[in-house]
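[1] Prediction below, plus the sequence it came from.
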Protein chains: 6
Amino acid sequence: MSERYLKGAEKLNELEPNGANNLIDAFNEVCPDLAKYTIEYPFGDILQRDGLDYRTRELVTIAALTALGNCQPQLNGHINGALNIGCTQKEITEVILQMSVYAGFPAAINGMTVAKEVFESRNEISV
Amino acid sequence: MSERYLKGAEKLNELEPNGANNLIDAFNEVCPDLAKYTIEYPFGDILQRDGLDYRTRELVTIAALTALGNCQPQLNGHINGALNIGCTQKEITEVILQMSVYAGFPAAINGMTVAKEVFESRNEISV
Amino acid sequence: MSERYLKGAEKLNELEPNGANNLIDAFNEVCPDLAKYTIEYPFGDILQRDGLDYRTRELVTIAALTALGNCQPQLNGHINGALNIGCTQKEITEVILQMSVYAGFPAAINGMTVAKEVFESRNEISV
Amino acid sequence: MSERYLKGAEKLNELEPNGANNLIDAFNEVCPDLAKYTIEYPFGDILQRDGLDYRTRELVTIAALTALGNCQPQLNGHINGALNIGCTQKEITEVILQMSVYAGFPAAINGMTVAKEVFESRNEISV
Amino acid sequence: MSERYLKGAEKLNELEPNGANNLIDAFNEVCPDLAKYTIEYPFGDILQRDGLDYRTRELVTIAALTALGNCQPQLNGHINGALNIGCTQKEITEVILQMSVYAGFPAAINGMTVAKEVFESRNEISV
Amino acid sequence: MSERYLKGAEKLNELEPNGANNLIDAFNEVCPDLAKYTIEYPFGDILQRDGLDYRTRELVTIAALTALGNCQPQLNGHINGALNIGCTQKEITEVILQMSVYAGFPAAINGMTVAKEVFESRNEISV
């Protein structure tokens, strides 16, 4: 295991406890290198970089996933992850709301529905 | 002119000097209400809100426009705008680079090409 | 509540009985302003305009949502809404079928699947 | 040449004078069957159908192309075509404006820019 | 029934046993011509052509559906179909993995999840 | 420079003579790591893999870029690259034509327009 992999796994586990192992287990039989590359490149290269703090990186990811509109599982994971590293519910809902401007109201509504599900699953709705 | 409109025009002009008038002029003959609504809703409602500072709002917008990949004129405008309100070139290029993970390398490369053009047009390349 | 809001709520309720309240309830805890803005801008501004009748406006919305392909809940809602304001099943299926040309057969098939579910839920299949 | 082809060519020529020959010439060397199929399926099958008049079919096409946001040449062609078969500038700009709701403001702005170019090229701006 | 239809139905049935009848049944009440056109154009025209073998055609389809990211039912069908006409699990997972480059990691992960479901449903996981 | 980087640069140069240096030069001032990562991950990891030959990998890339419809520079590069490693014009145009089914006729027409430009620039039109 390369240093990129080890640092990436650690970074992913900050977002989601045991996240690296969960990812490895998910694709172990079908394509284990998908998990390996996901740990190495996004988490081992990109999210290690200076210039933007982790919280801002999660907010821009939530923006992109909401705008793309076809990545509900990832949006769920990154909203959970953003909360885990200290983003507030308010920051997250502001990002999603803002996407109504750039990607349309359906994208914002569907993104907010995911946020609602995440907040409820954590028993944390208090906005 | 409503208060939403007046505050929105002021907010847009922070991003782009004379931006509100430029937008009005652009669509004056074909559909003036497109300019009016753009000033009122994105700039008069959304970008007035608390909970995220203007710089972070511009970074999430750059993320979304890079990921969508079909809004080059708006990406150009928002990169210029982000610089005008105090974002650094480094923050902007980090956001675009991160989009390689969520929207693929072509989206990141095309977004970075727009950033390069903006930086060059301002004689500010110094990353 | 502004006049835009009141007129928007009324317009939304034409599409879906009690639609405005349903929307408010859905996001009340997580981001109430998403419901407010959705009532104000799409329904209070855009759908109030002259130049296209409400039925044609719903057909172009169904076209866009089918082509985008990632807004199933909204497509469901607008097919129901279109029927509620007098569009025929035939008009709706023709719009969705036509999207095979502009967005591909998967988009048309997935859109038609939503239409089928809506028609069945209303016990109205009779095309 | 099948009946589908002949009827399709005629239907395409209603939108754009000499449109079928222009399409054939464009792809004659690289892939002539792309022109043949485009004449046969969209124009020979879909646009021949009952249930929606040609003007409404063009408006839903303009909606879809504006929302998709990556088909500028086709949007230009269909705005010209819509005008040629009797749609008004007002109907076209209302459809594009409405897309701000479903696909975001950049999509609507970029679509309106195409409409403006078409109207200017026809010396017909008079909205 | 035209020759295009008959040849198309046969081609579709190679991908999915009884696939043509399943498609006809699915849309029989809501829009039977959607099934007819799907059999005629994709399967009766395009997939009949020389120049690419059927297996390669399925791999490029899997690439496109993974990249688009909003056609899960079709991706499921084409992964099953690709296996039915002799593509290997390894070829399919390599195509999906490669999409991480062009459409981002979420698209690849969601596509691989569909592949995993298909492989499991066939009791064939053995990569 | 890692082994991934060196092997990736070599792989990219097979597609485009001097391609790695061109990529480095393009982003040298604005974000040099974008070039580095593009060489390392797509070309140094993914395109090194067994299970699909390089020609098939280029065809599935052309499929995805045509379907996405917003990556014209990359589509141009990969059509040139596919020809450079031995794909035929016929294979390329068949892939693009097939995308009319999965992403719609505008996507196929715009992709074919890029292919035509590439073939003409190489003085190789002879399909």
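    Yep, it's here. Numbering: from 1, shown residues only, chains lettered A, B, ... in the order given.
[2] For the closest residue to A:K36 other than its chain neighbours, give me its contacts.
    Closest residue to A:K36 apart from its sequence neighbours, by C-beta to C-beta, 6 or more residues apart in numbering or on different chains: A:Y5 at 6.8 Å. Glycine gets a C-beta too; all of them are placed from N, C-alpha and C. The contact partners of A:Y5, taken as C-beta atoms under 8 Å, 6 or more residues apart in numbering or on different chains, are A:K36, A:I39, A:E40, A:G44.
[3] Now, these that are in helices?
    Where these overlap with helices, as defined by DSSP state H, the overlap consists of A:K36.
[4] State the distance from the residue at minimal distance from the centre of chain A to A:V114.
    For chain A, A:H78 is the residue whose C-alpha lies nearest the centre (C-alpha atoms, centre = their mean; 2.0 Å). Using C-beta to C-beta, to the nearest Å, A:H78 is found at 10 Å from A:V114.
[5] cool, and A:E29?
    Applying C-beta to C-beta, the value for A:E29 to A:V114 is 28 Å.
[6] Look at these two and report which has more neighbours.
    A:V114 (22 against 13; other C-beta atoms under 10 Å in any protein chain shown).
[7] wait, doesn't the more buried one sit right on A:N76?
    Yes. Contact status for A:V114 versus A:N76: in contact at 5.4 Å, counting by C-beta atoms under 8 Å.
[8] can you pull the contacts of A:V95?
    By C-beta under 8 Å, 6+ apart, the neighbours of A:V95 are A:L59, A:I62, A:A63, A:T66, B:L52, B:V60.
[9] before we move on, what about A:N13?
    Applying C-beta under 8 Å, 6+ apart to A:N13 gives the contacts A:G19, A:A20.
[10] What helix or strand is it located in?
    helix A:3-15 (DSSP states H and E).
[11] Would you mark the buried spots in that helix?
    A:R4, A:Y5, A:K7, A:G8, A:A9, A:K11, A:L12, A:N13, A:L15 (16 or more other C-beta atoms under 10 Å in any protein chain shown).
[12] Distance of the second one relative to F:L47?
    The one in question is A:Y5. A:Y5 sits 20 Å away from F:L47, taking C-beta to C-beta as the criterion.
[13] OK, contacts around A:S2?
    Contacts for A:S2 (C-beta under 8 Å, 6+ apart) come out as A:E40, A:G44.
[14] Now do it against A:I46, distance only.
    The gap separating A:S2 from A:I46 is 15 Å, by C-beta to C-beta.
[15] just A:C87 next, same as before
    According to C-beta to C-beta, A:C87 and A:I46 sit 18 Å apart.
[16] could you say what helices and strands the single longest helix found in chain A packs with?
    Once chain A is assigned using DSSP H, the helix that runs over the most residues is helix A:105-121. Counting contacts by 3 or more C-beta pairs under 8 Å, 6 or more residues apart in numbering or on different chains; DSSP states H and E, helix A:105-121 packs against helix A:54-68, helix A:72-84, helix A:89-103, helix C:19-27, helix C:32-38, helix C:72-84, helix D:89-103.
[17] what residues does chain A put near chain C?
    Within chain A, the positions near chain C by C-beta under 8 Å from any C-beta of the partner chain are A:68-70, A:89, A:93, A:96-97, A:100, A:105-110, A:112-113, A:115-116, A:119, A:125, A:127.
[18] at 10 Å instead, please
    Taking C-beta under 10 Å from any C-beta of the partner chain, the part of chain A that reaches chain C is made up of A:68-72, A:89-90, A:92-94, A:96-97, A:100-101, A:103-113, A:115-120, A:125-127.
[19] and the residues you listed, which are buried?
    With neighbours counted using 16+ other C-beta under 10 Å, the residues of chain A next to chain C contain these buried positions: A:68-72, A:89, A:92-94, A:96-97, A:100-101, A:103-113, A:115-116, A:118-119, A:127.
[20] quick one: low-confidence ranges for chain A?
    Counting by pLDDT under 70, the ranges of chain A that qualify are A:124-127.
[21] domains for it, by residue range?
    Described in terms of automatic domain parsing, the domain architecture of chain A consists of the residue ranges A:3-48, A:54-121.
[22] would CSV of these with distance to C:L83 be doable?
    Output for the domains of chain A, formatted as CSV (distance: least, C-beta to C-beta, whole Å):
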stretch, distance to C:L83
domain A:3-48, 41
domain A:54-121, 19
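[23] How about the residues of chain A by chain F?
    Residues of chain A lying close to chain F by C-beta under 10 Å from any C-beta are A:S2, A:R4, A:D33, A:K36, A:Y37, A:E40, A:Y41, A:P42, A:D45, A:I46, A:R49.
[24] now with 6 Å?
    By C-beta under 6 Å from any C-beta of the partner chain, the residues of chain A that approach chain F are A:Y41.
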